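Asks: Task: produce atomic coordinates for the following.
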Amino acid sequence: MIYHEKQSKELCALHVLNNIFQSPDAFTQKDLDKICFELSPDTWINPHKSCLGLGNYDINVLTAALQTKDYSIVWFDKRKDPSCICIGKVLGFILNIPSEYKVGWIHLPNFNRKHWIAMRKIDGTYYNLDSKLNGPKQIGDEADFLNFLREQLKKDDIQLLLVVENSIAECEAWKLQICS
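Replies: Next up is the predicted model:
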């Protein structure tokens, strides 16, 4: 059974974490709000989340949350080919993509919103665990997944982040030699 959290409010960062760890209990909104406060304890409006309390957590919150579980985020240089990633050493993959902001059916083009998307290998198959999908979407095997990443990274304003154990991040063991 594949765990897949669906989008609620602006909690895609929370959904990304829980989808990567395949657990509804990996993190809660309260956990992420606590991290926001720890990152900026003396601010009236916290810069790491939505001032409305709906989520919209930034990269700093994701990074700090993963650190509590001895994992790190590694930014992948999209100018390189994803085939230089030793994907067997990566727990999960996160895409940060532009997201349209709508009120009802009206698109608000000047709102620069971002959406976090989780992907990971489960039982030998890679899945797109985007919380905006109705369920997990099968991508395929490693070759299919690398092609999927290539296509995504061609788009403007998209970032790829790798979720790896701290020891993997420290020694850059997620990189194949061709990545250097």
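
Asks: in stretch 156-168, what counts as buried?
Replies: Buried residues in stretch 156-168, counted by 16 or more other C-beta atoms under 10 Å: 159-165, 168. For the C-beta atoms, the positions are set from N, CA and C on the backbone; glycine is no exception.

Asks: And for stretch 119-135?
Replies: When neighbours are counted by 16+ other C-beta under 10 Å, the buried residues of stretch 119-135 are found to be 119-121, 125-131.

Asks: Nearest to Asn147, out of those residues: which one, please.
Replies: Asn147 lies nearest to Tyr126 out of these, by C-beta to C-beta, at 10.6 Å.

Asks: how much space between Asn96 and Lys34?
Replies: Counting by C-beta to C-beta, to the nearest Å, the separation of Asn96 from Lys34 is 22 Å.

Asks: So between those two, which is more surrounded?
Replies: Remark: of Asn96 and Lys34, Asn96 carries more neighbours, 21 against 14, as counted by other C-beta atoms under 10 Å.

Asks: what about the more buried one, which SS state?
Replies: Under the three-state scheme (DSSP: H, G, I helix; E, B strand; the rest coil), Asn96 adopts strand.

Asks: so it makes contact with Leu153?
Replies: No. Counting by C-beta atoms under 8 Å, no contact exists between Asn96 and Leu153, whose distance comes to 11.6 Å.

Asks: related to what we said a few turns ago, now, among the buried residues of stretch 156-168, which is nearest to Phe76?
Replies: Closest approach to Phe76 among those (C-beta to C-beta): Leu160, at 4.2 Å.

Asks: and that closest one, helix, strand or coil?
Replies: strand.

Asks: Run a quick check on it versus Leu153, I expect a contact.
Replies: Yes. Shown here, Leu160 and Leu153 form a contact pair, counting by C-beta under 8 Å, at 6.2 Å.

Asks: Identify the contacts common to these two.
Replies: With C-beta atoms under 8 Å, 6 or more residues apart in numbering applied, the overlap between the contact sets of Leu160 and Leu153 consists of 78, 82.

Asks: which one is Phe145 nearest to, not counting chain neighbours?
Replies: Of all residues not flanking Phe145 in the chain, Tyr126 sits nearest, at 3.9 Å (C-beta to C-beta, 6 or more residues apart in numbering).

Asks: Over to Gly124?
Replies: If the residues on either side of it in the chain are set aside, Gly124 comes closest to Asp141, at 7.6 Å by C-beta to C-beta, 6+ apart.

Asks: All set, thanks.
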